[in-house]
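Participant: sequence and computational prediction follow.
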Amino acid sequence: MSTKTHVSLENGDVEGRYASWLKQAVDMIGPKNAFLVLGRGGAKTSDFHADRSIDIMYEMPRSNLAFVADTYDNALRNIVPTLIEGWSQRKGLQEGVHYVLDERPPKHFEKPYKPPQTFKHTISMWNGCFYNLGSLAQPTGLAGNSYQHIFIDEARNTNFEKLKKLFPAMRGDYTHFGHSPYYRGMTATTDMPNIAEGDHDWILNQALNMDKDRILLALQVGLELNKIKKAYYRAIKFNDFNEIERQKKAYARWKGYWIRARKDTTFFYVASSLVNADILTPGYFSDALKSLGVEEFKTAVLSFKAEIKKGERFYMHLGAHHYMSDGVIDDYYKKYAIGEDFQSVSLGLKYIQHKKPIEAGMDFGDMCSMVTGQPSGNYFYCLKEFWTLAPHSSKELAKQFIDFYQHHQYKVLDLYYDRSGNQYQKLKRDWAYEIKDHIEKYNGSSTGWKVNLMSRNQATITQEEEYSFAKKLLGEYYPNLPKIKIDKFQCKCLKSSLELTKTKIRKDKKSTTTIHKDKSSEALPLQHRPMFSTNFSDAFKYLIYRSSWVNIADKRSNTGMSAPDVI
């Protein structure tokens with residue numbers, strides 16, 4: 001994280017910044033391309049992107065720039081608000097004064113070198129810089145423009161094949177912007193990607209494009225230039241006019257050196273969240289270790305590559321092909337402006353069938369989890385997840401479901417759930433009937449929904465049965481079973497839960513080895529359970545472990561092949 005103050009130097013800024021050592025290094029190197037893999041809490045968007053975008057704005061006024069996301073939904077909900085927070089709260093830029101969102105800028109703002117055709121999903125800066133917010137779900141819409149620099153957040157969610165379509169758009173008026181080392185450059189940040197979980201790892205290949213000697217030279221010159229800036233700052237403070245003039249001359253000379261040293265440089269670095277330890281404090285790391293567990297802590301915080309072996313995973317055949325990144329209709333979210341309050345509804349889902357029932361798996365408890373989806377052809381699509389934490393419960397979850405699927409035309413829900421949902425009579429609470437009642441008659445008013453309870457009188461699903469069936473289903477051994485597709489953005493907690501769930505090996509009294517699900521994560525603090533516990537994996541279990549599918553997997557004659565060994 002950084003903070004800064006300004007004094008003028010040749011109509012520019014000398015900034016007093018407090019920042020992490022890595023942030024200071026990036027600022028002093030000022031490379032054309034910056035690729036950073038940082039742990040959680042590393043202030044990737046609010047600090048790195050916010051400061052670097054400001055530096056580029058000062059160096060290339062009136063330029064066209066692009067912020068690229070995987071979908072408009074992600075950009076509008078997560079990336080842009082965090083960037084704006086960094087500009088406003090940490091860098092001092094004010095909306096309406098320094099920038100405007102989604103509207104024609106005031107007349108006193110400088111004009112971009114290339115007049116925009118539309119102001120939807122744009123940010124206009126006071127000095128004429130013009131940001132276009134783009135989605136890789138529709139890369140052709142971005143490719144038709146011209147950009148002097150491109151910014152990418154969460155690069156692990158960015159498909160490089162789609163990103164390459166933007167490279168021809170990284171052009172523009174060289175006579176106006178060719179002086180800047182940032183010209184035709186790229187800034188990208190991300191958590192550590194994991195291919196086994198469907199992430200894109202193209203950013204790791206950028207290490208091969210870094211010339212370390214050039215980077216060291218740019219850093220050395222940048223350090224010398226920084227000394228000059230500090231001397232100039234002191235001279236201003238003490239009104240030493242002779243020293244001010246000396247430092248101005250030194251600054252002009254060394255800035256020329258710095259520009260030449262930075263030309264066509266690429267900086268790549270992998271760092272843990274510890275780079276921001278002064279801001280995060282030691283308590284952050286101890287809490288993260290407790291809540292995430294050792295393996296996830298190593299990846300998410302320490303930026304180590306994931307090392308959970310395939311044989312340790314409960315869902316061992318779960319792979320990248322089980323996820324989809326195109327489950328949202330980008331045009332649906334494209335109509336919303338930056339900062340506009342909007343509600344996600346099923347109209348934005350690409351694979352929804354509005355005239356067919358919704359199916360759902362649900363796990364009850366102090367955390368209630370629901371995974372909704374639909375079969376379609378040879379596939380079963382997991383479309384959307386919902387969850388509540390105590391003291392919220394089934395009523396609040398029912399409201400989430402009703403609101404999201406409010407436009408669904410065939411209001412029938414087939415609900416699969418834990419048989420214990422019918423066993424709370426001793427507590428005078430039948431949880432399954434309770435969620436049914438809330439969805440059908442919320443606050444006593446009919447919603448038009450009909451809920452079919454599909455798990456009445458169902459036997460207990462043992463963990464070994466779940467392990468065996470999940471291996472068959474996800475291994476795609478049986479052509480008569482549907483292939484699972486999980487929306488990696490609408491079901492991100494489910495994705496995390498399935499990927500983090502491990503096996504636990506036990507021996508019974510006869511020394512026979514049995515496989516179980518390690519459910520120790522369900523003792524995590526409540527607020528960490530949606531992403532890092534096995535709760536969502538249980539909701540998925542109830543959704544997939546249905547008698548019609550299990551019967552197919554148990555009949556070898558359906559495939560003409562031997563059933564695989566599942567233990």
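Facilitator: The structure has been received and is ready for your questions. Residues are numbered from 1 along each chain as shown.

Participant: what strand or helix carries Arg40?
Facilitator: Assessed by DSSP states H and E, Arg40 sits outside every helix and strand.

Participant: swap that for Cys368, please
Facilitator: With elements delineated by DSSP H and E, Cys368 resides in strand 367-376, which encompasses its position.

Participant: list the pairing partners of that strand within its sheet, with orientation.
Facilitator: Based on DSSP bridges, the strands next to strand 367-376 in the sheet, each with its direction, are strand 358-363 (antiparallel), strand 379-389 (antiparallel).

Participant: tell me which of those strands lies nearest to Lys450.
Facilitator: Using C-beta to C-beta as the measure, strand 358-363 is the one of the strands paired with strand 367-376 that comes nearest Lys450, at 10.8 Å. Backbone N, C-alpha and C define where each C-beta goes, glycine included.

Participant: for Tyr183, which non-adjacent residue is spatially closest?
Facilitator: Excluding its sequence neighbours, the residue lying closest to Tyr183 (C-beta to C-beta, 6 or more residues apart in numbering) is Phe177, at 4.8 Å.

Participant: in the protein, what spans have low per-residue confidence?
Facilitator: Where the chain drops to pLDDT under 70, the residues are 1-18, 139-141, 143-144, 195-197, 295, 306-311, 339, 419-429, 508-511, 556-567.

Participant: tell me which residue is most central in it.
Facilitator: The residue at the geometric middle of the chain, judged as the C-alpha nearest the mean C-alpha position with C-alpha atoms, centre = their mean, is Glu154 (5.6 Å).

Participant: run a quick neighbour tally on the residue nearest to it when sequence neighbours are not counted.
Facilitator: In this structure, Glu154 finds its nearest non-sequential neighbour in Thr190, 5.5 Å apart by C-beta to C-beta, 6+ apart. Here the count is done by other C-beta atoms under 10 Å, and Thr190 has 24 residues near it.

Participant: cool, and Arg104?
Facilitator: Other residues within reach of Arg104 by the criterion other C-beta under 10 Å amount to 12.

Participant: which SS class is it?
Facilitator: With DSSP: H, G, I helix; E, B strand; the rest coil as the basis, Arg104 sits in coil.

Participant: could you check how far it is from Ala320?
Facilitator: With the distance defined as C-beta to C-beta, to the nearest Å, Arg104 ends up 43 Å from Ala320.

Participant: one step back: where's the residue nearest to the centre of the chain relative to Gly30, distance?
Facilitator: Distance of Glu154 to Gly30, computed by C-beta to C-beta: 23 Å.

Participant: just want the angle from whatever helix or strand Ile484 lives in to strand 379-389.
Facilitator: Here Ile484 is covered by strand 483-487, with elements defined by DSSP H and E. In terms of direction (axes from the mean of the first three to the mean of the last three C-alpha atoms, to 10 degrees), strand 483-487 departs from strand 379-389 by 40 degrees.

Participant: name the helices or strands packed onto the next helix-or-strand element following strand 483-487?
Facilitator: Towards the C-terminus, the helix or strand next in line after strand 483-487, according to DSSP H and E, is helix 492-500. In terms of contacts (3 or more C-beta pairs under 8 Å, 6 or more residues apart in numbering; DSSP states H and E), helix 492-500 is packed against helix 277-300, strand 379-389, strand 483-487, helix 529-532, helix 535-544.

Participant: make CSV out of those and add distance to Leu223 and mean neighbour count.
Facilitator: Converted to CSV, the helices and strands packed on helix 492-500 look like this (distance: least, C-beta to C-beta, whole Å; neighbours: other C-beta atoms under 10 Å):
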stretch, distance to Leu223, mean neighbour count
helix 277-300, 21, 16
strand 379-389, 49, 22
strand 483-487, 47, 21
helix 529-532, 40, 22
helix 535-544, 48, 26
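
Participant: which one, of these, ends up nearest to Asp363?
Facilitator: Asp363 sits nearest to helix 535-544 of all those, at 4.1 Å, using C-beta to C-beta.

Participant: name the residues that touch that closest one?
Facilitator: Contact partners of helix 535-544, identified using C-beta atoms under 8 Å, 6 or more residues apart in numbering, comprise 314-315, 359-363, 365, 367, 369-371, 373, 380, 382, 385, 387, 416-418, 455, 461, 466, 469-470, 473, 484, 493-494, 496-498, 501, 517, 522, 529-530.

Participant: let's see it at 6 Å
Facilitator: For helix 535-544, contacts defined as C-beta atoms under 6 Å, 6 or more residues apart in numbering pick out 361-363, 367, 369, 371, 416-417, 466, 493-494, 497-498, 501, 529.

Participant: same thing with stretch 276-285?
Facilitator: Surrounding stretch 276-285, the residues in contact under the criterion C-beta under 6 Å, 6+ apart are Met1, Ser20, Gly41, Gly42, Ala43.

Participant: and the residue nearest to the second one when sequence neighbours are not counted, how many neighbours?
Facilitator: In space, and not counting its chain neighbours, Ser20 is closest to Val275: 4.6 Å by C-beta to C-beta, 6+ apart. Taking other C-beta under 10 Å as the neighbour definition, Val275 ends up with a count of 23.

Participant: what about Val275, distance to Glu296?
Facilitator: 19 Å.

Participant: can you check Asn242 too?
Facilitator: The spacing between Asn242 and Glu296, counted by C-beta to C-beta, is 58 Å.

Participant: which stretches of the stretch 1-150 of the chain form strands?
Facilitator: Remark: strands assigned in the stretch 1-150 of the chain by DSSP state E, counting those that start in this stretch are 6-9, 12-15, 33-38, 64-69, 99-101, 122-125, 130-135, 149-152.

Participant: can you give me the distance of the closest residue to Glu312 other than its chain neighbours to Ala470?
Facilitator: Distances taken as C-beta to C-beta, 6+ apart place Lys502 nearest to Glu312, at 5.3 Å, with adjacent residues excluded. Using C-beta to C-beta, we find Lys502 at a distance of 13 Å from Ala470.

Participant: in terms of neighbours, single out the busier of the two.
Facilitator: Neighbours of Lys502 and Ala470, each counted by other C-beta under 10 Å, are more numerous for Ala470; the result is 26 against 19.

Participant: and the nearest residue to that one once chain neighbours are set aside, how many neighbours?
Facilitator: Among residues not flanking Ala470 along the chain, Tyr315 sits closest, at 5.4 Å (C-beta to C-beta, 6+ apart). For Tyr315, the tally of surrounding residues (other C-beta under 10 Å) stands at 24.

Participant: and what of His392?
Facilitator: Using other C-beta under 10 Å, His392 is surrounded by 15 other residues.

Participant: same check on Ser548?
Facilitator: Other residues near Ser548 come to 7 when the count uses other C-beta under 10 Å.

Participant: can you tell me the SS state at it?
Facilitator: The three-state label for Ser548, taken from three-state DSSP, comes out as helix.

Participant: so how far is Met454 from it?
Facilitator: For Ser548, the distance to Met454 under the criterion C-beta to C-beta works out to 11 Å.

Participant: rewinding a little: let me know the closest of the contacts of helix 535-544 to Asp55.
Facilitator: Nearest to Asp55 out of the contacts of helix 535-544 is Cys493 (C-beta to C-beta; 36.2 Å).

Participant: let me know whether the closest one touches Met531 as I believe.
Facilitator: Yes - with contacts counted by C-beta atoms under 6 Å, Cys493 reaches Met531, the gap being 5.3 Å.

Participant: which strand or helix spans the residue in the chain sticking out farthest from the centre?
Facilitator: Centroid-distance maximum for the chain: Asn242 at 51.9 Å, with C-alpha atoms, centre = their mean. Under the criterion of DSSP H and E, Asn242 resides in helix 241-262.

Participant: okay, buried residues for that helix please.
Facilitator: Ile244, Gln247, Ala250, Tyr251, Trp254, Lys255, Tyr257, Trp258, Ile259, Ala261, Arg262 (16 or more other C-beta atoms under 10 Å).

Participant: hey, C-alpha coordinates of it in PDB?
Facilitator: Provided in PDB are the C-alpha atoms of helix 241-262 (Å, rounded to 0.1, in the frame of the first residue of the first chain):
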ATOM      1  CA  PHE A 241      16.800  28.500  -4.300                       C
ATOM      2  CA  ASN A 242      20.300  27.700  -5.500                       C
ATOM      3  CA  GLU A 243      19.800  24.000  -4.600                       C
ATOM      4  CA  ILE A 244      16.500  24.000  -6.300                       C
ATOM      5  CA  GLU A 245      18.100  25.100  -9.600                       C
ATOM      6  CA  ARG A 246      20.900  22.500  -9.300                       C
ATOM      7  CA  GLN A 247      18.400  19.700  -8.700                       C
ATOM      8  CA  LYS A 248      16.200  20.800 -11.600                       C
ATOM      9  CA  LYS A 249      19.200  20.500 -14.000                       C
ATOM     10  CA  ALA A 250      20.200  17.100 -12.500                       C
ATOM     11  CA  TYR A 251      16.600  15.900 -12.800                       C
ATOM     12  CA  ALA A 252      16.400  16.800 -16.500                       C
ATOM     13  CA  ARG A 253      19.700  14.900 -17.200                       C
ATOM     14  CA  TRP A 254      18.900  11.800 -15.200                       C
ATOM     15  CA  LYS A 255      15.300  11.600 -16.400                       C
ATOM     16  CA  GLY A 256      16.600  11.300 -19.900                       C
ATOM     17  CA  TYR A 257      18.800   8.400 -18.700                       C
ATOM     18  CA  TRP A 258      15.900   6.800 -17.000                       C
ATOM     19  CA  ILE A 259      13.600   6.900 -20.100                       C
ATOM     20  CA  ARG A 260      16.300   5.300 -22.200                       C
ATOM     21  CA  ALA A 261      16.900   2.600 -19.600                       C
ATOM     22  CA  ARG A 262      13.200   1.700 -19.400                       C
END
